[in-house]
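Asker: Show me the folded form of this:
(2 chains)
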Amino acid sequence: MNLIKKEILTTDLTTWTIGPYHGSLPAPMRLRLSLDGEIITDCDVETGFLHRGLEKACEFQSWRAAVAYADHLDPECAVFGELVLCLAVEQLAEIEVPARAKCIRVILSELSRISSHLSYMVRMARAVGSETIIHYLLRDRERILDLFELLTGARFSINFLRFGGVQADVTDGFIERVLEVCELIRIRMKEYNDLFTFNFGFVKRTSRVAPISKDLVSFCGVTGPNARASGVSFDVRKKFPYSGYDRLDFETPLGQGEGGVLGDVHDRFLIRLREITQSMEILKQLLDVVPSGEYVNRKLAKDSVVPPGEAYSRIESSRGLLGCHVVSDGGPSPSRVQFRSPTLANLLAIPQIVRGIRIEDLPVVLASLDLGIAEADR
Amino acid sequence: MMNSDNSWIVAWSDSLGFPEAMPQWIYAAAALICTFCFVIVPCGALMSYFERKLAADLQARVGPNRAGPAGILQPIADLLKLLQKESRTEWNWKENIWLSVHTMALYSTLAVLPLGSMAVLVNTEMSVFLPFWAALVLALGTMLLGLGQNSVPGWFGGIRVAAQTLAGSFPALISLLCTGVRSGSFRWSSLAESQGFSPWDWTLLANPFQMIAFSVFVMSGLVLLAIPPLDGGLSMSDIHGGVASHLYGRRLSLFQFGRFYGFFFWSVITVVLFLGAWDLPVSLVNSLKSMGAHQLLALSELLWLLVKTFALMLLIIWIAKVNSRSRVDQITDFVWRVLSPFSLAALVGSSLWAGWRAF
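Answerer: This next block holds a predicted model:
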């Protein structure tokens, strides 16, 4: 027995600190890895490198200017931050939103969701080193950014939502162009599936890697596509409908464990693909009957104040449940604005799911979680 | 050792006014330098341009279009930029030693690079095996370069390159034996003579086992030399470039060119072994020989060989650009479990085939 023990070659754990800036990280963050050879045994995540004091900054501005700050909550899909703040304030001040404004808000949300999921696919492709598909996907995302530019004048930080509606009405030809882009993306997604999603090498890299169990979903509070990939059917658009989502007919796709294990990287990727399809379905339904009327609540006085009190609103952003807690003391600026971002929960899950994977898979796992560090660090 | 039929080099250097009765090693050295300067370097420049244009076409973008007409001077612009770049201030002696040692060892294989019936300097029974030496030296140099860098990407990159090279050399060697079984010799000249201009005379299409051997040879070569798409050791995103990530300026251009040379010579020997070498139509060769136009014959052979080599390289680049990278453990797994058995089956099959034909 002793003889055998002597023969065993023992190696010590090594540590590797990645970040805050590294090519394999989706955003500034620091990971302290313990490695046994190339296997990750432990991981410690440190964030806060992108902290901008965004919530505090809202307190020094007028209510109106807080929307511009909320816009910067997640630069990649700005409309969600604006929408969640507007919903909270409208709930607090009991501001009516015209049907047309609601419709425009949902169009923008779903376009943002598609654009965010396309960039998610880009990050996945970059993580597995698939070069060609990156350019195709970015080319299509440009079309959506063009639509934003057409409607709002900006491509990323659109700053378009207002309390009680939106800043401007849809311009001529906008609706036709949205339908055109939907059709284009629908056709192209088939090509991309052949080229990338069902590519043998990609499936080999993603299936059975770093699954999130249902227990972990509830333990960390993971929401959005990551939770649905693990089979947890929770969608704010269905459970707590806002802006008229209750009148739309769409499905919330769930992970089916096609890669072998439920909730692995492959499932998380497929969920996004299916959500793009559902978002296009929503857009088609909306664009069939865009309600006529005002695009903003005209009865709202320019100098109206938000009454004292507090309100909480939640929406389904492209990354999960995005919440906003607003406190007002009746003054000209918010007393407190607080966000609940879905990325923070995903960050909590990282140390649990990367144990036992190889470091070559780390970029893929991080990309598959769709981390928006901007909204986690705020 | 020396190829007796190097009269074209002699004739060519005579015309430059070299004295008569010059020792043969000077001719050999001159031939090596000429091969490097007039074949390898222009091929590297052309290939980098073709690669970028092909990738750009595939990826719905423009590609290089500023330097010269249609961006054809882009490789020169890149080289000039890299040469201007300041290197790091500290002197890493390990890095310098390993980079220069493995570069020198790598280019020593120019001596065995077959570029035409009259441009084979070393033509022995061992010639075919000498490029393996280069591949192993390249891997060893890359590994030691990485280990000497004191960085995580260098460390993991170096170890991974070594791992996949060790795995890839076995099936590559076995599938190479298959071609020797067919031609009866491992001399470059006899390998070329056993094939012909028409694709039906190529080793590739001689029998099904040679086809397997060809596929195994190409794929294991990619693994052996860590060439995309099987370059997990160098390009994984967690180490973003591996060994190359800590090289700058001139050292980086030297390293990158070494990797190109590895890819190039592997493609050249693949063409010589399986894809009809430099064989031109017999009638054309005879008429050129009867006219005494040996230089023209050598040049056309070289061009034909390079055309086939470039086609093979572009095909591999095409596949690499579209597909995703595999992990190193997946690559080594694939080599040991798939390529190695297939290479052994190809060897047994082609030996039986050759034996049956001999009866």
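Asker: give me the residue from the stretch 51-200 of chain B nearest chain A.
Answerer: Proximity of the stretch 51-200 of chain B to chain A (C-beta to the nearest C-beta) peaks at B:Gln59, 3.9 Å away. C-beta here means a position set from N, CA and C on the backbone, and glycine is covered the same way.
Asker: Number of residues surrounding whichever residue of the stretch 101-250 of chain A sits closest to chain B?
Answerer: Here the stretch 101-250 of chain A gets closest to chain B at one residue, A:Gly129, 3.5 Å apart by C-beta to the nearest C-beta. For A:Gly129, the neighbour count with other C-beta atoms under 10 Å in any protein chain shown is 24.
Asker: so it sits right up against B:Met236, yeah?
Answerer: Yes. Using C-beta atoms under 8 Å, A:Gly129 makes contact with B:Met236 at a distance of 7.2 Å.
Asker: what's the overlap in contacts for those two?
Answerer: B:Arg325 (C-beta atoms under 8 Å, 6 or more residues apart in numbering or on different chains).
Asker: can you give me the helices for the stretch 101-250 of chain B?
Answerer: Ranges of helices within the stretch 101-250 of chain B are B:130-147, B:152-183, B:188-193, B:208-225, B:232-235, B:249-274, based on DSSP state H, counting those that start in this stretch.
Asker: The longest helix along chain A - contacts with which helices or strands?
Answerer: Ranked by residue count and defined by DSSP state H, the top helix of chain A is helix A:99-128. Using 3 or more C-beta pairs under 8 Å, 6 or more residues apart in numbering or on different chains; DSSP states H and E, the elements in contact with helix A:99-128 are helix A:78-93, helix A:131-152, strand A:165-166, helix A:174-192, helix A:200-206, helix A:265-288, helix A:362-368.
Asker: Please tell me how far the residue nearest to the spatial centre of chain B sits from A:Val170.
Answerer: With distances taken as C-alpha atoms, centre = their mean, B:Phe265 lies nearest the centre of chain B, 1.7 Å away. Distance, B:Phe265 to A:Val170, using C-beta to C-beta, to the nearest Å: 61 Å.
Asker: Could you do B:Ile33 as well?
Answerer: 69 Å.
Asker: So between these two, which is more surrounded?
Answerer: Neighbour count, other C-beta under 10 Å: between B:Ile33 and A:Val170, A:Val170 has more, with 18 against 11.
Asker: Which is the succeeding secondary structure element to the lowest-mean-pLDDT helix or strand in chain B?
Answerer: Ranked by mean pLDDT, DSSP states H and E, the helix or strand of chain B with the weakest confidence is helix B:7-14, at a mean of 56. Moving toward the C-terminus from helix B:7-14, the next helix or strand (DSSP states H and E) is helix B:24-35.
Asker: A:Glu310 belongs to a helix, doesn't it?
Answerer: No. A:Glu310 is assigned strand when assessed by DSSP: H, G, I helix; E, B strand; the rest coil, not a helix.
Asker: what's the closest non-adjacent residue to it?
Answerer: A:Val327 (4.4 Å; C-beta to C-beta, 6 or more residues apart in numbering or on different chains).
Asker: quick one: which helix or strand includes A:Ser157?
Answerer: Here A:Ser157 is assigned to no helix or strand, by DSSP H and E.
Asker: tell me the pLDDT at it?
Answerer: The model reports A:Ser157 with a pLDDT of 87.
Asker: isn't it right up against A:Ala70?
Answerer: No. Applying C-beta under 8 Å as the test, A:Ser157 and A:Ala70 come out as separate, 10.6 Å apart.
Asker: Give me the more crowded residue out of the two.
Answerer: A:Ala70 (28 against 15).
Asker: Find me the pLDDT at that one, would you?
Answerer: So A:Ala70 comes in at 89 (pLDDT).
Asker: Quick check: it vs chain B, distance?
Answerer: Using C-beta to the nearest C-beta, to the nearest Å, we find A:Ala70 at a distance of 32 Å from chain B.
Asker: Tell me which helix or strand that residue sits in.
Answerer: Per DSSP H and E: helix A:63-71 holds A:Ala70.
Asker: Just the mean pLDDT for stretch A:338-356, thanks.
Answerer: Rounded mean pLDDT across stretch A:338-356 is 91.
Asker: do stretch B:152-159 as well
Answerer: Rounded mean pLDDT across stretch B:152-159 is 83.
Asker: thinking again about what came up before, okay if I get the helices of the stretch 101-250 of chain B as JSON lines plus distance to A:Thr206?
Answerer: Below are the helices of the stretch 101-250 of chain B laid out as JSON lines (distance: least, C-beta to C-beta, whole Å):
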{"stretch": "helix B:130-147", "distance to A:Thr206": "27"}
{"stretch": "helix B:152-183", "distance to A:Thr206": "20"}
{"stretch": "helix B:188-193", "distance to A:Thr206": "43"}
{"stretch": "helix B:208-225", "distance to A:Thr206": "22"}
{"stretch": "helix B:232-235", "distance to A:Thr206": "15"}
{"stretch": "helix B:249-274", "distance to A:Thr206": "28"}
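Asker: Near chain A, which residues of the stretch 151-300 of chain B? Just list them.
Answerer: Within the stretch 151-300 of chain B, the positions near chain A by C-beta under 8 Å from any C-beta of the partner chain are B:152, B:156, B:229, B:232, B:235-238, B:240.
Asker: okay if I get these as a markdown table plus neighbour count?
Answerer: A markdown table is the format used below for these (neighbours: other C-beta atoms under 10 Å in any protein chain shown):
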| residue | neighbour count |
| --- | --- |
| B:Val152 | 22 |
| B:Phe156 | 23 |
| B:Pro229 | 22 |
| B:Gly232 | 26 |
| B:Ser235 | 19 |
| B:Met236 | 30 |
| B:Ser237 | 21 |
| B:Asp238 | 27 |
| B:His240 | 15 |
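Asker: Spatially, which two of those are the most separated?
Answerer: B:Val152 and B:Pro229 (23.8 Å; C-beta to C-beta).
Asker: Just say helix, strand or coil for A:Val327.
Answerer: strand.
Asker: number of nearby residues for it?
Answerer: Neighbours of A:Val327 (other C-beta under 10 Å): 18.
Asker: Beta-bridge partners for it, please?
Answerer: A:Glu310, A:Arg336 (DSSP bridges).
Asker: Next one: it from chain B, what distance?
Answerer: Applying C-beta to the nearest C-beta to A:Val327 and chain B gives a distance of 43 Å.
Asker: Just to check, that residue is in contact with A:Pro334?
Answerer: Yes. Using C-beta under 8 Å, A:Val327 is in contact with A:Pro334, at 7.0 Å.
Asker: quick one on the thing from earlier: let's have the helices and strands packed on helix A:99-128 in JSON lines, adding mean neighbour count and distance to B:Phe359.
Answerer: JSON lines is the format used below for those (neighbours: other C-beta atoms under 10 Å in any protein chain shown; distance: least, C-beta to C-beta, whole Å):
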{"stretch": "helix A:78-93", "mean neighbour count": "25", "distance to B:Phe359": "77"}
{"stretch": "helix A:131-152", "mean neighbour count": "18", "distance to B:Phe359": "51"}
{"stretch": "strand A:165-166", "mean neighbour count": "26", "distance to B:Phe359": "86"}
{"stretch": "helix A:174-192", "mean neighbour count": "16", "distance to B:Phe359": "53"}
{"stretch": "helix A:200-206", "mean neighbour count": "20", "distance to B:Phe359": "42"}
{"stretch": "helix A:265-288", "mean neighbour count": "21", "distance to B:Phe359": "54"}
{"stretch": "helix A:362-368", "mean neighbour count": "26", "distance to B:Phe359": "55"}
